[in-house]
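Q: Coordinates for the following, if possible.
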Amino acid sequence: MTVSTELSHEEYVGNGVTTDFDFRFRIFESRHLIVVVADNDGNETTLKNGTDYTIVGAGSYHGGKVVLNKPLARGWTILLERDLPVVQETDLRNQGKFFAEVHEDAFDYLTMLIQKALGTFSLSLRKPTYLSNYYDAKGNRITNLAPPKFGSDSANKDYVDNSIKYIDSKTLRVKDKAIPALPSAEQRRNKQLGFDNEGYPQLLDPAETGSLGYVLVDSFEKGAEITTRYQALHFENNGEYYRWDGDLPKSVPVNSSPVNSGGIGVGKWISVGDASLRGDLGEIVKKFNNVNVMKSKNDLSPGMLVATLGFHSKSSGGGATYLIVSPSDYNETPDGYSDHLLNNGNIAVLQLDACAPISKFGALFVNDVDCAPCLQSAINKTAGLGKSVVIDGNCRLGKSVNIKSGTTINADSAKIKVASGIGNLFNAKTNGAGIESVSIIGGEWTEDSQYDSGTVTFCNMQGEYGSGEGFHVYVNRFNLQRVKLYNFNWFLQSDWGRSWNIDNCFFYGRNGLRLQHKNVECNITNSIIFGTNPTSSETRGISIGERLSYANEGRYPEGIKIHNCTIDNFGRALSIHEVLDLSVTDNWLGASIDRTKYCLVFERDSGNFMSGLHFNHNTYFGGKIEFTSHSSPPTQAFIQMSDEIYLTSQTLVIGRSWHDIVMSDWVFQNTSPNAIVGITGSGDNQRCHFKNLTFKGAHSGLIQLNSTTSYGCEISNTWCDTYVEDPFYTPTPTYISNSMGGKAIEGGKYNGGQVISFKKAQSAIQGNIIVSFDDIGFRIGALVEVSISGVFKSSLDNGALFITDESKSLVSFAKGTGWDSAYIGLTNYNQRIDAKVVFKCVKPDLTSVKVTSFTGDTVASFHPVVTLRYI
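A: Here you go, the predicted model:
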């Protein structure tokens, strides 16, 4: 057969329905056909035979059909193209059989290869004829065109767009209407350009208006007569123009100068010439490679605006813009970082935008170059101007830096090394003037020390104490955000600070925050404070009210908020000395490594004023909670702690003389298999209320208030998930309701009534008081139940126990088990006693109830639990 068609490919457009597409040319095998589809955006995908489509008619002289697995999407195009390997696989042997079909297939294959080559050539960018001097793209785009290099190169769209944008950026343009062309040069000569009421260009004569510019009248060297303020003289010696600011008219002799014809300054000659005028318009008139080159130039005069390409060198960074001013107009001493003294005596004053990168102040971000002087200069330059100091590279600070009011430091993209032994990195000292509105944002700051031996305080805020409440000088509105600190001794020490905030910060070092003296309305939120020396009991995560020298005058911290923070791995995670109105919520307070250290400790100090302390929804892990004992109660102590979790193997200790503590909705989880006491009071713990407490794990006791002077305490809804024989020990009358019983309360709830008090006798000898309840103050007319539980061991086979009051005026009722009025008969030397008696209080001065043994009995062992309860 012949190859009767020049077709070697087919193209179709999908309609979202059709799956079958014909090809009208011969292919020898299915692999000789490629199928490509293109979506509406021109993105092409080559399909796979057998996966995306099947071929019908491979080898047929008349072509065949491609059947897609799914319809071609509407608007998509499909290409069916013959693609033959460029090989000759027909083997004709000498003396062999020469079949015509074999020859034709070979010739057909060669013809198809020629068609393939011609088809490929047809896709090329070509000239229409040999005579043409251009290429015809036939309406197609040309992509991936490189930017032009020579003038005759074609340009891509990006190059054209950027060129137009560059030209537009330097062109005075309007966007609301077309502007007519300006008149001829002859008509424009010595005219000023303005706009009429319609916004169209208008040429004005400056000599007639004076408001549009200066009229140039000769020169100092040629002499002139000045009659108006808008006339200016050219001083040919330096190229500047000057206007007269004194009395008019002004006569200028021939061969004069600004100096000898009246002087330079206010009321005299004022420069308005090329350099000064362009400086006023914000136009840079000179550029230098670096600051030293700029300083060496003697032709820089006041009013000029100049620029440097770099601070130390063209490639060092820190290029900046400077305004040249005269020494008489500059009231400071140039520091050589922001402002520079030029060789000609003038001053180059650094010009800043909204921010002040320290590279413009000479900071070098290489090796161990100390950038602290550059940072200090930037702070001095921007303080109070609403500009942000930017640490725009990784650097090292080798000296302390003093913070001023209005300082904002942004170090979000920087890593900063801090030299050890400099004391404080940032000093915020009021020095009688007050400091306010300070922010340090971002940055990764690391002290050059071992992780657990830092010596530097990151920030030290130091206000001042005055002689009266209205005479304090505070560091006000101090803000730390997104700061990461490593290896420092202290994160922050604040002395007389007000309205400061720490948010979203990370600290890994020896100590965290210390609030001394009067810190008011301060917030610590969303931060991680993690210690590097947990074995030292002196390391603190947050210390509040420490080192107060004016505590007795009310100079303690107040209005402190700690929220959503992790404070862990210190000797004392949270240490509280004196404070008013403290809120601690949603925090993790831990002693993760050394379990003998403190999650929370209320310290013992001389004054100890504590009132309005609220703890809510915190988790205490690993360490202890302790209220350190006092010789006298803290002033106005009121502490409320609710919805807390205590995960530890340590007893919560309420030291001597702590009053007015309310603990509610706690979970106490003993993390050790060894039984512990949950809460213990050391004595004189008055008006302490324990509500809705849940104890989990092994406990030998839940709450023990070991004092006869812990008045007004209450325990309610308190339980343990394991059996506790003696859950409560309260020598002083304590109201206990709906709580765990133990043996004395029949192992169950108190079933209604309110427990007054109960005790476990520590000793029992012949004829002695076994248990005595003193200073109870019974309600008149109340029914009181006394129950006794324990094993009585005696050398006799009989005897008695008596329940009496000091005046023996109890009115007894024959109620209970084993009772005869108000005594218990003993009939066995090893007798188990579980008995009750109910009596009625008839005297207003009844304050004491005693349980005694019968005189003459020899009691070998009897340690009963005795409970008093109102019914």
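Q: N380: what secondary structure?
A: Here N380 is helix, with the state taken from DSSP: H, G, I helix; E, B strand; the rest coil.
Q: Do I have it right that it meets K404?
A: Yes - between N380 and K404 a contact is recorded at 6.9 Å, counting by Cβ atoms under 8 Å. Every residue, glycine included, has its C-beta placed from N, CA and C.
Q: Now for the closest residue in space to L350 that isn't next to it in sequence: which residues touch it?
A: With Cβ to Cβ, 6 or more residues apart in numbering as the criterion, L350 has its nearest non-adjacent residue at 4.5 Å, and that residue is S338. By Cβ atoms under 8 Å, 6 or more residues apart in numbering, the residues touching S338 are V349, L350, K360, F361, S377, A378, N380, K381.
Q: Was I right to think E332 contacts D339?
A: Yes - counting by Cβ under 8 Å, E332 touches D339, with 7.4 Å between them.
Q: out of the two, which sits in the busier spot?
A: Higher neighbour count among E332 and D339: D339, with 19 against 10, using other Cβ atoms under 10 Å.
Q: how close does that one sit to N367?
A: 26 Å (Cβ to Cβ, to the nearest Å).
Q: any idea how far the residue nearest to L350 lies from L72?
A: Here the criterion is Cβ to Cβ. By it, S338 lies 68 Å from L72.
Q: and what of R26?
A: 24 Å.
Q: Which one's more surrounded, the two?
A: Using other Cβ under 10 Å as the criterion, R26 and L72 rank with R26 on top: 25 against 19.
Q: Okay, and the more buried one sits in which element?
A: Taking DSSP states H and E as the definition, R26 sits outside all helices and strands.
Q: just checking, it touches Y61?
A: Yes - look at R26 against Y61 with Cβ under 8 Å: they come within range, at 5.3 Å.
Q: Output the lowest mean pLDDT helix or strand found in the protein.
A: strand 819-820 (a mean of 36; mean pLDDT, DSSP states H and E).
Q: pLDDT weak spots in the stretch 251-400 of the chain?
A: Low-confidence segments of the stretch 251-400 of the chain, defined by pLDDT under 70: 265-266, 273-283.
Q: quick one, domains of the chain?
A: Per automatic domain parsing, the structural domains of the chain span 9-90+99-122, 201-272, 278-351, 411-743, 769-870.
Q: Tell me which of those domains is the most buried.
A: Per residue and on average, the most neighbours among the domains of the chain fall to domain 411-743, with a mean of 20 (mean count of other Cβ atoms under 10 Å).
Q: Once you drop chain neighbours, what's closest to the spatially most central residue of the chain?
A: Nearest to the mean C-alpha position of the chain, by Cα atoms, centre = their mean, lies N504 at 2.6 Å. Using Cβ to Cβ, 6+ apart and skipping the chain neighbours, the partner closest in space to N504 is N526 (4.8 Å).
Q: so what's the nearest residue to D335 once chain neighbours are set aside up against?
A: Nearest residue to D335, sequence neighbours excluded (Cβ to Cβ, 6+ apart): S377, at 5.4 Å. Listed by Cβ under 8 Å, 6+ apart, the contact partners of S377 are D335, Y337, S338, F361, G362.
Q: Check whether Q187 sits in a helix, strand or coil.
A: Assigned with three-state DSSP, Q187 falls in the helix class.
Q: on that earlier part again, isn't the residue nearest to the centre of the chain right up against Q481?
A: Yes - if you go by Cβ under 8 Å, N504 and Q481 touch, sitting 5.9 Å apart.
Q: the strands in the stretch 251-400 of the chain, which residues?
A: 269-271, 286-288, 305-310, 318-325, 339-341, 347-351, 355-357, 388-390, 395-397 (DSSP state E, counting those that start in this stretch).
Q: want to throw those into JSON lines with distance to K222?
A: Converted to JSON lines, the strands of the stretch 251-400 of the chain look like this (distance: least, Cβ to Cβ, whole Å):
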{"stretch": "strand 269-271", "distance to K222": "16"}
{"stretch": "strand 286-288", "distance to K222": "28"}
{"stretch": "strand 305-310", "distance to K222": "29"}
{"stretch": "strand 318-325", "distance to K222": "28"}
{"stretch": "strand 339-341", "distance to K222": "36"}
{"stretch": "strand 347-351", "distance to K222": "33"}
{"stretch": "strand 355-357", "distance to K222": "47"}
{"stretch": "strand 388-390", "distance to K222": "51"}
{"stretch": "strand 395-397", "distance to K222": "56"}
